[in-house]
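*Asks:* Give me a 3D structure for the following:
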Amino acid sequence: MSLNHPHFSPDASHASRFRPLRTLLDIGAPAPVDRLPSPVTASDGLVIDVRDRAATEGTAGAAGMIANAWREAGGGAVLVRVRPVTAGDDVSDEIAIAAQVRADGIVQCGIRDGSDLQHLHSLMAVEEARGGLDQGALAIVAELGDTPLGVLQAASLAGKTPRLAALVFDPEALAAATGAREIGGSATLTGRGLALMAAASAGVPVFEALPMSVEYTQLGAICSRLQNDGMLGAMTRDADFVAPLRQGFGDAG
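*Replies:* The predicted structure follows:
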């Protein structure tokens, strides 16, 4: 069975389908549909975090409603954030939610090296078969920062799976993981550089997760700095930031 929504094309590489994105809005499920920004475009992606679900069945329904509302509004790729592969059955349950809502892919946190991507690839194949999806339909967006080892081993992500579509670097998570007192310190600067080089090696785009402390007035300068570094766009938890980030990075949709 083929995916029946406009953002899936079995003939296109995952990375090429994600290159039009400039923003990723990160929200939890369940979450009210009215939290979604308006308007949205194909340059805006949605990340639905299901890791804190109270009940898998209820979360899948809520995630499906959010995903459908996003697509109907004209938004771009829909992603589901899942736990690390070390979470066992929990991560399989969450991948199953991604299959149920016909997501474009998943965001994987807690990555330690390329072998985690290979493991994840296999888990996704099982859930695709169970959910009636084409094999390889779900892409992987690898999130780096919460595990320092994963940042150090970022180069090992290249070539491990054709599902790899993009990287997201989270400087706030890396600062917390390394005990840094500020986000702009040496560890995060090094981590950003490693993420950029890993993305270039893998031939995929890279986004940066914005810290919660960022203010609206800072967005223009942030977009300029990240673009100069080679970032394609940014991920945010603030729906009000979606439009200015899209404009700051250059709307591709």
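
*Asks:* C-alpha from now on. contacts and neighbour counts both.
*Replies:* Noted.

*Asks:* where does the residue positioned nearest the centre of the chain land on pLDDT?
*Replies:* Centroid check for the chain by CA atoms, centre = their mean gives Val107 as the closest residue, at 4.3 Å. Taken from the predicted model, the pLDDT recorded for Val107 is 97.

*Asks:* got it, and Leu133?
*Replies:* At Leu133, the predicted lDDT confidence score is 90.

*Asks:* Distance of it relative to Ser13?
*Replies:* According to CA to CA, to the nearest Å, Leu133 and Ser13 sit 16 Å apart.

*Asks:* Which parts of the stretch 101-250 of the chain are helices?
*Replies:* With DSSP state H, counting those that start in this stretch applied, the stretch 101-250 of the chain shows helices at 114-131, 148-152, 171-178, 186-202, 219-229, 242-249, listed in chain order.

*Asks:* Switch the ones you listed over to CSV; also include mean neighbour count and distance to Arg81.
*Replies:* Written out in CSV, the entries for these read as follows (neighbours: other CA atoms under 10 Å; distance: least, CA to CA, whole Å):
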stretch, mean neighbour count, distance to Arg81
helix 114-131, 18, 13
helix 148-152, 21, 17
helix 171-178, 19, 15
helix 186-202, 20, 19
helix 219-229, 15, 23
helix 242-249, 21, 19
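
*Asks:* So for Pro39, which of those sits nearest?
*Replies:* Distance to Pro39, taken as CA to CA, is lowest for helix 242-249 among those, at 8.2 Å.

*Asks:* May I have that closest one exported as PDB, CA atoms only?
*Replies:* Once non-C-alpha atoms are left out, helix 242-249 reads as follows in PDB (Å, rounded to 0.1, in the frame of the first residue of the first chain):
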ATOM      1  CA  VAL A 242       7.300  29.600  12.600                       C
ATOM      2  CA  ALA A 243       6.500  32.400  10.200                       C
ATOM      3  CA  PRO A 244       9.500  34.600  11.100                       C
ATOM      4  CA  LEU A 245      11.800  31.600  11.000                       C
ATOM      5  CA  ARG A 246      10.500  30.600   7.600                       C
ATOM      6  CA  GLN A 247      11.000  34.100   6.300                       C
ATOM      7  CA  GLY A 248      14.400  34.400   7.900                       C
ATOM      8  CA  PHE A 249      15.700  31.200   6.300                       C
END
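
*Asks:* helices or strands next to that helix in the packing?
*Replies:* Judged by 3 or more CA pairs under 8 Å, 6 or more residues apart in numbering; DSSP states H and E, the packing partners of helix 242-249 are strand 23-28, helix 219-229, strand 233-236.

*Asks:* chain center to it, what's the gap?
*Replies:* Offset of helix 242-249 from its chain centre (CA atoms, centre = their mean, to the nearest Å): 17 Å.

*Asks:* Any idea how many residues pack against Gly159?
*Replies:* 15 (other CA atoms under 10 Å).

*Asks:* One more: Asp90?
*Replies:* Under the neighbour criterion other CA under 10 Å, Asp90 is assigned a count of 16.

*Asks:* Helix 114-131 and the one helix or strand it maps to, what's the angle between them?
*Replies:* Assigned by DSSP states H and E, Asp90 belongs to helix 89-100. Using axes from the mean of the first three to the mean of the last three CA atoms, to 10 degrees, the interaxial angle of helix 89-100 with respect to helix 114-131 works out to 50 degrees.

*Asks:* what residues are up against the residue of the chain most remote from its centre?
*Replies:* Distance to the chain centre peaks in the chain at Arg181, reaching 25.9 Å (criterion: CA atoms, centre = their mean). Applying CA atoms under 8 Å, 6 or more residues apart in numbering, we find Arg181 in contact with Ala175.

*Asks:* That one and Pro20, how far apart?
*Replies:* Relative to Pro20, Arg181 is positioned 35 Å away (CA to CA).

*Asks:* ok, and the closest non-adjacent residue to Lys145?
*Replies:* For the record, residue 145 is Gly, not Lys. Nearest non-adjacent residue to Gly145, counting by CA to CA, 6 or more residues apart in numbering: Leu174, 4.3 Å away.

*Asks:* what pLDDT does the one you found get?
*Replies:* Note for Leu174: predicted pLDDT of 96.
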